[in-house]
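Chemist: Provided below for reference: sequence and predicted model.
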Amino acid sequence: LPNNDQNIHTDIKWEEKDELLRIFVRELLLIIKCDILYRNGDLDRTQIIWFRPLSFTGTTKSIYDDIWYGTPGVRKGEPESILFVQPSQIQCYSESEAPYYFFKKKNIIANSDAVTVIDIGGGSTDFVYFKDNEPKLASSVHFGCDVLWDNGFIDFDNARENGIYKKYASTLRFDKDELNDINDSMKIDELVKTKDIINFWLSNSKNCDIIKQLRDEFKPVFIYHLTSILFYMSCMYKDKGHLAPKTIVFSGNGSKYIDTFISIDKTAVKRIVDLVFERVFGGEHNVNVELPQERKESTCYGGLYREPNAPHVPEFVYQGDTSMCFENVGEIVKNYDLLKRSLMNKYDALGVLYKDVLNMLKKERIIDSTANTSIYVNKVTEDMGTPLDTYFKTQVKEKYQDEVLLNDSVFFLPIINRIFELTKI
């Protein structure tokens, strides 16, 4: 527990502080070193594969490159200092393409004509499109499952306005005193964020009833999150000229909210996917949807099965309209009015789609047929232009210089805010 000399620090991998990241990687390497030596392994022959999110900024990626590989003539990389591993023995892959190779090896992907891996983590969601076993497109957005537990774009780190947190913070109890003590300590610590507290609840869900309560009372919020991801992905693939995927495989621990809070039945998730594809691509669809058990481990295993000479996946940032080319923030600012017009049409379509998904799930009894889902639909279909303008200004225009390459999509700016508002219904 934190005291006067320490505090809880999460989301370390997204930091841009060299020393903090270096300590983090160093500790991981020391664990690896102990494990190798315990198993009588040879440090000199060790091969390392590390994975990075596609949405790393240039600064963060440069810091990690220096940590892993070092700077010639300046200092060694951490693996060379701790494990005596040379830079030539280190490989880096995107953490989103790797699961494909593991799932293909396990024969979870039977048809490789057109496959997409949707990797949902806490901070981001990544998409990789494979055609005939080759990666054709990869994209990443800062829209992971933590937006469900966070406070939108409130600037204060100690904000406690998330509706899910406020609903259960004073009443949720565990069947173990030590867990209640930790929970109480986290709640009074102003440095601990709501997403960290709620993730603590979920990590100890066997000792409380948080899963059932969230499933019963917030299911429409989770459905909007999933529908937004699928809609965005479908629009991106269609605008880039790709056919609708025949198979979708979910990876990442964040994706477990789908079968935990929406439906454990893959058929229900498949119906959502089919409906989204029908609206975006047209025609009827019969998509194979996979929600494997090894969703986080699949990245590590996939890195082992990926051939070193396999083609690297082309990365693409989709702002919501491919008719305009955005080289940097300045280009987005310059063409913002045109982009906004395109996004507003997409938000309207997403609102209609969300309503139809809820109605379909009511008929399937995934949602209580008597539930008042209209309040969620009304909130989702409220003015999206104002929050888009507001958060484009604060999160993009005022945050970055014109020449900066934006490794994220403005599409989700008002959606993040809308999810925050949905938690408070």
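Modeler: Looks like it arrived, so ask away.

Chemist: Show me which residues of the longest helix along the chain are buried.
Modeler: If you go by DSSP state H, the chain has its longest helix at helix 336-363. Along helix 336-363, these residues count as buried under the neighbour rule (16 or more other CB atoms under 10 Å): 336, 339-340, 342-344, 346-347, 350-351, 353-358, 360-361. For every residue, glycine as well, the C-beta is placed using N, CA and C.

Chemist: Confirm for me that N335 is in contact with N328.
Modeler: No. In this structure, N335 is not within contact of N328 by CB atoms under 8 Å, at 11.5 Å.

Chemist: Count residues in the vicinity of Q319, would you?
Modeler: Q319: 20 surrounding residues under other CB atoms under 10 Å.

Chemist: So it versus S139, what's the distance?
Modeler: 11 Å (CB to CB, to the nearest Å).

Chemist: joint contacts of those two?
Modeler: S409 (CB atoms under 8 Å, 6 or more residues apart in numbering).

Chemist: Neighbours of the closest residue in space to L29 that isn't next to it in sequence, how many?
Modeler: Nearest residue to L29, sequence neighbours excluded (CB to CB, 6 or more residues apart in numbering): I82, at 4.5 Å. Counted with other CB under 10 Å, residues neighbouring I82 total 17.

Chemist: Okay, and I82 sits in which element?
Modeler: In the assignment (DSSP states H and E), I82 maps to helix 78-83.

Chemist: quick one: average confidence on the helix or strand that that helix is followed by?
Modeler: As assigned by DSSP H and E, the chain's next helix or strand after helix 78-83 is strand 90-94. Taken as a whole, strand 90-94 has a mean pLDDT of 90.

Chemist: From R295, how far off is P314?
Modeler: Taking CB to CB, one finds P314 at 24 Å from R295.

Chemist: same deal with K355?
Modeler: Applying CB to CB, the value for K355 to R295 is 29 Å.

Chemist: C145 too?
Modeler: Counting by CB to CB - C145 and R295 are separated by 12 Å.

Chemist: Contacts only, for the residue nearest to D157 when sequence neighbours are not counted.
Modeler: The shortest distance from D157 to any residue other than its chain neighbours is 6.5 Å, reached at K193 (CB to CB, 6+ apart). Listed by CB under 8 Å, 6+ apart, the contact partners of K193 are T10, D150, D157, N158.

Chemist: For the buried ones among these, write the corresponding PyMOL selection.
Modeler: In PyMOL, this line selects whichever of those come out buried by 16+ other CB under 10 Å:
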select buried, resi 150
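
Chemist: From the structure, what's the count of residues near Y301?
Modeler: 17.

Chemist: cool, and I120?
Modeler: Neighbours around I120, by other CB under 10 Å: 24.

Chemist: circling back to that earlier point, mind putting the contacts of K193 into TSV with secondary structure, distance to E421 and pLDDT?
Modeler: Shown next, in TSV, are these (DSSP: H, G, I helix; E, B strand; the rest coil; distance: CB to CB, whole Å; pLDDT from 0 to 100):
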residue	secondary structure	distance to E421	pLDDT
T10	coil	24	75
D150	coil	12	96
D157	coil	20	75
N158	coil	20	82
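
Chemist: which one of the contacts of K193 sits closest to V25?
Modeler: T10 (16.4 Å; CB to CB).

Chemist: where does the closest residue to that closest one other than its chain neighbours land in three-state SS?
Modeler: Excluding the flanking residues, the one nearest T10 by CB to CB, 6+ apart is D196, at 5.4 Å. Here D196 is recorded as helix under DSSP: H, G, I helix; E, B strand; the rest coil.

Chemist: Give me the distance between D196 and D274.
Modeler: D196 is 36 Å from D274, by CB to CB.

Chemist: same deal with P387?
Modeler: P387 is 30 Å from D274, by CB to CB.

Chemist: Does anything pack onto the helix or strand hosting F392? Which helices or strands?
Modeler: Element membership for F392 (DSSP H and E) is helix 385-392. Helices and strands touching helix 385-392, by 3 or more CB pairs under 8 Å, 6 or more residues apart in numbering; DSSP states H and E, are helix 336-363, helix 413-422.

Chemist: export that helix as PDB, just CAs?
Modeler: Taking Å, rounded to 0.1, in the frame of the first residue of the first chain, the C-alpha atoms of helix 385-392 are listed here in PDB:
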ATOM      1  CA  GLY A 385     -20.400  18.400 -32.900                       C
ATOM      2  CA  THR A 386     -19.800  20.500 -29.700                       C
ATOM      3  CA  PRO A 387     -17.700  17.800 -27.900                       C
ATOM      4  CA  LEU A 388     -15.800  17.100 -31.100                       C
ATOM      5  CA  ASP A 389     -14.900  20.800 -31.400                       C
ATOM      6  CA  THR A 390     -14.100  21.100 -27.700                       C
ATOM      7  CA  TYR A 391     -11.800  18.100 -27.400                       C
ATOM      8  CA  PHE A 392     -10.200  18.500 -30.800                       C
END
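
Chemist: That one: how far from the chain's middle?
Modeler: 22 Å (CA atoms, centre = their mean, to the nearest Å).

Chemist: Good, we can wrap up now.
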